[in-house]
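In: Quick one: sequence and predicted model below, then my questions.
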Protein chains: 2
Amino acid sequence: MRADAARNRARLLEAAARLAAEHGAANLTMEAVACAAQVGKGTVFRRFGDRSGLLLALLDREEERFQAAFMAGPAPLGPGAPAAERLHAFGPAVLRHEDAHRDLYLAAAQPDPVRRHTVPARRVRLAHLAALLREAGTDADPELAAQTLLGYLDPGLVRYLLSGRGLPLSRVEAGWHDLVARMLPAEAR
Amino acid sequence: MRADAARNRARLLEAAARLAAEHGAANLTMEAVACAAQVGKGTVFRRFGDRSGLLLALLDREEERFQAAFMAGPAPLGPGAPAAERLHAFGPAVLRHEDAHRDLYLAAAQPDPVRRHTVPARRVRLAHLAALLREAGTDADPELAAQTLLGYLDPGLVRYLLSGRGLPLSRVEAGWHDLVARMLPAEAR
């Protein structure tokens, strides 16, 4: 991509992110993005294909920032802390991150029940969790334990627990810490 | 519903279940059901609304049978065995049941990431697991632990693990038994 095209794309995404934050990702339209970025509607369609392409691009942008935080950011979420501490920090970080962008995560959720598990962002989180579980000396099957941990943080489940069931966030966070501890040997919890 | 209407509906479902078993639920059409049951296509549409109504009715029928098995069938899945044994038996029973009807569960899967968690069948399973966890004296939060256990048995995840990742069923089952044990106090595992 030429440099001006990349800048153009970044500017459109910036405008879309601002609109999504103000009015909710569910209400985001290609027209509103074009208007906010002061370009023609055709430019937005050319850049992102359609509305779901735009939502995916927004999600990628947020997910890249979050990945940078857990892979290279400050400890205990990032490297430098013991693996068990990083596992404990991961849950609240995901809950906070997805709460800030919840509409986006729900709007872009993959509807196919099998393909949902092949989404790249999910595989990055999964590999991260499995690596930390191994490093912390888990006595569980690391791949299946990572799936279990990730399943607990599913945006649809979290939204259901908080809004549908009315659980306080503190209880969902406590459930995360308890689950992490159960996956680790007693001395590493 | 009048008795003949109920019989009529049962006969159509019987035909649909046979077709789904032979050709896969993904390939089920209203026309094929009408043809197999020797009625007009309009009768099938009148009875089930549309194809997704038919799939949901088929799923309800299978789910009722499965619920009868874990709520009133023989131990250790049904009552009579200690709660921990019933928890251990639940996972392989779900895996077997959903494997036999996997196309149906995937075809009827609720695409909305939040509403997925409000499906009646899910709530019945959840209440069952939470009750068994309490009875077995879990030291975890029973509602959250039940969500964790149920998330492990998600049909999309299981299909992904078996087909996408190529894990043997025995490893997925072993993961279930390990997860159940981690949710129970040492003396009840």
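Out: Okay, I see it. Numbering: from 1, shown residues only, chains lettered A, B, ... in the order given.
In: Just the mean pLDDT for stretch A:18-32, thanks.
Out: In this model, stretch A:18-32 has a mean pLDDT of 91.
In: and for it, what are the contacting residues?
Out: Contacts of stretch A:18-32 with the rest of the structure, by CB atoms under 8 Å, 6 or more residues apart in numbering or on different chains, involve A:16, A:33, A:36, A:41, A:44-45, A:48, A:50-51, A:54-55, A:58, A:101, A:103-104, A:106-108. The way it works is simple: take the backbone N, C-alpha and C, and place the C-beta from them, glycine included.
In: If we check chain B, which of those residues are in contact?
Out: Restricting the contacts of stretch A:18-32 to those near chain B by CB under 8 Å from any CB of the partner chain leaves residue A:106.
In: Which PyMOL command selects the buried ones in the contacts of stretch A:18-32?
Out: PyMOL command restricting the contacts of stretch A:18-32 to the buried ones, with burial defined by 16 or more other CB atoms under 10 Å in any protein chain shown:
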select buried, chain A and resi 16+33+44+45+48+54+55+58+101+103+104+106+107+108
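In: Out of the contacts of stretch A:18-32, which sit inside strands?
Out: Of those, none are assigned to strands by DSSP state E.
In: Out of the contacts of stretch A:18-32, list just those in helices.
Out: If you go by DSSP state H, the contacts of stretch A:18-32 have A:16, A:33, A:36, A:41, A:44-45, A:48, A:51, A:54-55, A:58, A:103-104, A:106-107 in helices.
In: Tell me the one of the residues you listed nearest residue B:128?
Out: residue A:106 (27.5 Å; CB to CB).
In: these two touch, right, that closest one and residue B:111?
Out: No - Residue A:106 sits out of contact with residue B:111 when judged by CB atoms under 8 Å, with a separation of 11.6 Å.
In: Out of the ones in helices among the contacts of stretch A:18-32, the closest to residue A:77 would be?
Out: Among the ones in helices among the contacts of stretch A:18-32, and counting by CB to CB, the member closest to residue A:77 is residue A:104, at 20.4 Å.
In: If we ignore the residues flanking it in sequence, what's nearest that closest one?
Out: Once flanking residues are discounted, residue A:104 sits nearest to residue A:25: 4.1 Å by CB to CB, 6 or more residues apart in numbering or on different chains.
In: What's the local residue count around that neighbour?
Out: The number of residues packed near residue A:25 is 22, by other CB atoms under 10 Å in any protein chain shown.
In: Can you check the pLDDT for the residue most central in space within chain A?
Out: In chain A, the centroid-proximal residue (CA atoms, centre = their mean) is residue A:63; its distance is 5.2 Å. Here the pLDDT value assigned to residue A:63 is 91.
In: May I have the residues that are in contact with it?
Out: Applying CB under 8 Å, 6+ apart, the residues near residue A:63 are A:121, A:124.
In: give me phi/psi at it?
Out: phi -70, psi -40 (degrees, to the nearest 10).
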